[in-house]
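**Student:** Coordinates for the following, if possible.
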Amino acid sequence: MTHRSETEAFAIRAGRQYAAACGQTLVSTFEDTLWGDLARLQMRRRIRDAFPGIARGTVEKLIVELLTP
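**Tutor:** Numbering: from 1, shown residues only. This is a model prediction of the structure:
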């Protein structure tokens, strides 16, 4: 598994876990709302904690591509 696919898999898994903890669907959790902003902030933190060497721009791309509706 490549580094990119590892981070993608982690982002999707963490996003689903976060959505489930909030009692929402993945799509509704990351909508363009205040709650969605907070969810994306949590994902930024989780991804950077799991992959400390990852570039900030890469984290943003992952969130936009994989989690944002």
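**Student:** State the distance from Ala19 to Phe10.
**Tutor:** 15 Å (CB to CB, to the nearest Å). Where you see a C-beta, it was placed from the backbone N, CA and C, and this is true even at glycine.
**Student:** now do Gly53
**Tutor:** 14 Å.
**Student:** okay, the two: which has more neighbours?
**Tutor:** Counted by other CB atoms under 10 Å, Gly53 and Phe10 do not tie: Phe10 has more neighbours, with 16 against 7.
**Student:** Is the more buried one within a helix or a strand, and which one?
**Tutor:** helix 3-22 (DSSP states H and E).
**Student:** List the buried residues in that helix.
**Tutor:** 7, 10-11, 14-15, 18-19 (16 or more other CB atoms under 10 Å).
**Student:** what do you get for stretch 62-69?
**Tutor:** Buried, per 16+ other CB under 10 Å, within stretch 62-69: 62-63, 66-68.
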